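*Asks:* coordinates for the following, if possible.
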Amino acid sequence: MIRVLENEFYYLDNFQRVLDWIGERYRDLLTEDELAFLAAFPTLPQNARALFVRMVMRKGELFRASKLVYAEIGCPLEAARHLLGTGWVERDPAVDLDELFELLLKAEIAAAFGPHLPSKSARKSEQLEALRALFPDSRPFSAWHRDCEDVALRILVKPLCERLRLIFFGNLHQDWTEFVLSDLGMFRFEQVEISQASRGFRSRADVEHYLRLHDCKQRFYAGEALDGIVRDLPEHDFDNDWLVGRREKLLFQVAQGFEKLKDWDNAYALYARCRYLGARGRAIRVLEKHERFDDAYALLQQAQAAPESEAERQHLLRIAPRLARRLGHAKLPPCRTASPHRIDLCLPMPAGDWWVEGVVREHLEAEDAPVFYVENALANSLFGLLCWRAVFAAVPGAFFHPFQRGPADLHSPDFAQRRAPDFAACLAALDDGSYRDTILRNYAEKAGIASPFVYWGALSEELLELALRCIPPAHLRKWCERILIDVKENHTGFPDLIQFWPKEQRYTMIEVKGPGDRLQDNQLRWIDYCAAHGMPVSVCYLQWEQAA
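*Replies:* Numbering: from 1, shown residues only. You can find the predicted model right below:
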């Protein structure tokens, strides 16, 4: 059933909510023109404000009045009349040929340029290319096609509105639809008390730095030359860890771009100055590719003395023997890890639709030993439900608008440290047995609320009850502790299946590998961790029976 919003001016009310929010929390960061806009907007007639917001929410800056007809607004030209004196909207603006072609239909192009068109049946792009040399100037829309009775409008303050959207959301990928989806109940968000100290932007310079980083990121994705992007990246330290993280991630991506081009010098230079997790490992690899083996080995030894993460430690173990061999060093002893239990299956290939994990699940399942496909969903959800209070703690700089799925610093190295007392209190419930009630209570009370850890669609009361009955709290604690060490790396890699024996109150996790498939690095790390801590884990290798 499609839900409809009763308030026909819902979008206008939401826009005003954003302006009020910004005015209350960010007034000291705003420019004079932004402050003037916040003050003037509520004074306009409702139809004018509604038309303006409709234009803001639509793509582009140029519109034909005939395309801005909304029942609740009425005549768009009458509504626009109140906007013309503000300097925000222009009637009959000057447009160049490219802009004109975006506004006109093909039949209107033929009527306006008939004698100059090489072929009226040609595609619009071909017609545009043929006319460019003849009409290089800009003219008012009405001067291009005098027989057209329509009127063009240009919104002049789209960049200002985009800056306000950025200040509110803290990013440019969320837009006004967040309000609509929330109002319709399609998305729900935890209501966190957002204080003045929780602002995403702490100074006007933060806003400008974000915009510069965003511009560089867009240019990078568009395939622009990497040298120019590096030159324009802000280099000085920000007084904002959240912005620093965005800058370092982009620096890492640009370094990867140089590496793909085999520009080893530039790739190494960027990796060497980059603080993004994984940059040091890539720097070692680039030195190796550049055949600077002594430098690579020196950096490797430095990294081995203090690995930044389990992922880096694993990466170094893979590189070290190869570099040692290159330099003629003694052969390094193999790294021994705990071996998980192995299951080898040879089954007939099923007919119809099937998936490897599903085939194994059906084969292993028994009436007294149900099997669930959970992958990352169960462990993360148990963690998220147990530690809900800590994850959504009102830590300064973590939540700065009402539409956040999780804290902004979720992948920061100090994520757990900044909430240490909260997480300690949540994990303490594993010692006194109250963790079951906490998890089940949050499952009921928080149902459907967006969370970076809880997979609502994969959970059921049956699965939760079995997990809480069969998984010892000591094992659950180990899962939680490892996730908290490095959320970005450790929230994935869990085995595909989990099997429960309720009568015996035990379980086992099973990673499934089909023919030709192999364990991924993050899976190996979780399997090693579970095996090392006495948690039951198996790797099931499936082969298909050969037809006779």
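*Asks:* name the element residue 63 belongs to?
*Replies:* Secondary structure assignment for residue 63, by DSSP states H and E: strand 62-64.
*Asks:* could I get the average pLDDT for the helix or strand following that strand?
*Replies:* For strand 62-64, the following helix or strand on the C-terminal side (DSSP H and E) is helix 76-81. Average pLDDT, helix 76-81: 96.
*Asks:* quick revisit: other SSEs contacting the strand holding residue 63?
*Replies:* helix 97-103, strand 152-155 (3 or more C-beta pairs under 8 Å, 6 or more residues apart in numbering; DSSP states H and E). (Each C-beta comes from the backbone N, C-alpha and C, glycine too.)
*Asks:* deepest-packed of these, please.
*Replies:* strand 152-155 (a mean of 22; mean count of other C-beta atoms under 10 Å).
*Asks:* in its sheet, what does it sit against?
*Replies:* strand 62-64 (antiparallel), strand 89-91 (antiparallel) (DSSP bridges).
*Asks:* out of the ones you listed, which gets nearest to residue 520?
*Replies:* strand 62-64 (48.3 Å; C-beta to C-beta).
*Asks:* okay, and the helix or strand of the protein with the least pLDDT?
*Replies:* helix 177-183 (a mean of 73; mean pLDDT, DSSP states H and E).
*Asks:* which residues touch stretch 27-36?
*Replies:* By C-beta atoms under 8 Å, 6 or more residues apart in numbering, the list of residues contacting stretch 27-36 from outside reads 22, 38, 160, 163-164, 167, 201, 203-204, 206-207.
*Asks:* most surrounded residue in those?
*Replies:* residue 167 (25 neighbours; other C-beta atoms under 10 Å).
*Asks:* check contacts around it.
*Replies:* 22, 26, 29, 200-201, 207.
*Asks:* now do the helix or strand in which residue 500 is found: distance to the chain's middle.
*Replies:* In this structure, residue 500 is located in strand 497-501 according to DSSP H and E. Relative to its chain's centre, strand 497-501 lies at 32 Å (C-alpha atoms, centre = their mean, to the nearest Å).
*Asks:* dump the strand or helix carrying residue 22 to CSV, keeping only the CA atoms.
*Replies:* Per DSSP H and E, residue 22 falls inside helix 10-25. Written as CSV, here are the backbone C-alpha positions of helix 10-25 (Å, rounded to 0.1, in the frame of the first residue of the first chain):
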residue,chain,number,x,y,z
TYR,A,10,5.5,18.9,3.3
TYR,A,11,8.6,19.8,1.2
LEU,A,12,8.3,23.5,2.2
ASP,A,13,8.0,22.7,5.9
ASN,A,14,11.0,20.4,5.7
PHE,A,15,13.1,23.1,4.0
GLN,A,16,12.1,25.6,6.7
ARG,A,17,13.1,23.0,9.3
VAL,A,18,16.6,22.9,7.8
LEU,A,19,16.8,26.7,7.8
ASP,A,20,15.7,26.8,11.4
TRP,A,21,18.1,24.1,12.4
ILE,A,22,21.0,25.8,10.8
GLY,A,23,20.1,29.2,12.2
GLU,A,24,20.0,27.8,15.7
ARG,A,25,23.2,25.8,15.6
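*Asks:* return the set of buried residues in that helix.
*Replies:* 11-12, 14-16, 18-19, 21-22, 25 (16 or more other C-beta atoms under 10 Å).
*Asks:* again, but for stretch 205-218
*Replies:* So, applying 16+ other C-beta under 10 Å, buried residues of stretch 205-218: 205-207, 209-210, 213-214, 216-217.
*Asks:* which ones among those residues lie within helices?
*Replies:* 205-207, 209-210, 213-214, 216-217 (DSSP state H).
*Asks:* and those residues as a markdown table, adding pLDDT?
*Replies:* Listed next are these as a markdown table, based on pLDDT from 0 to 100:
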| residue | pLDDT |
| --- | --- |
| 205 | 91 |
| 206 | 91 |
| 207 | 92 |
| 209 | 93 |
| 210 | 92 |
| 213 | 94 |
| 214 | 95 |
| 216 | 96 |
| 217 | 96 |
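*Asks:* nearest to residue 192, of those?
*Replies:* Using C-beta to C-beta, those come closest to residue 192 at residue 206, 20.6 Å.
*Asks:* quick check, that closest one in contact with residue 238.
*Replies:* Yes. Applying C-beta atoms under 8 Å, one finds residue 206 in contact with residue 238, separated by 7.0 Å.
*Asks:* quick one: the strands in the protein?
*Replies:* Listed in chain order, the strands of the chain (DSSP state E) span 62-64, 89-91, 94-95, 139-140, 152-155, 341-347, 371-373, 497-501, 506-513, 537-544.
*Asks:* for the buried residues of helix 10-25, which one is nearest residue 48?
*Replies:* Closest approach between these and residue 48, by C-beta to C-beta: residue 12, at 10.3 Å.
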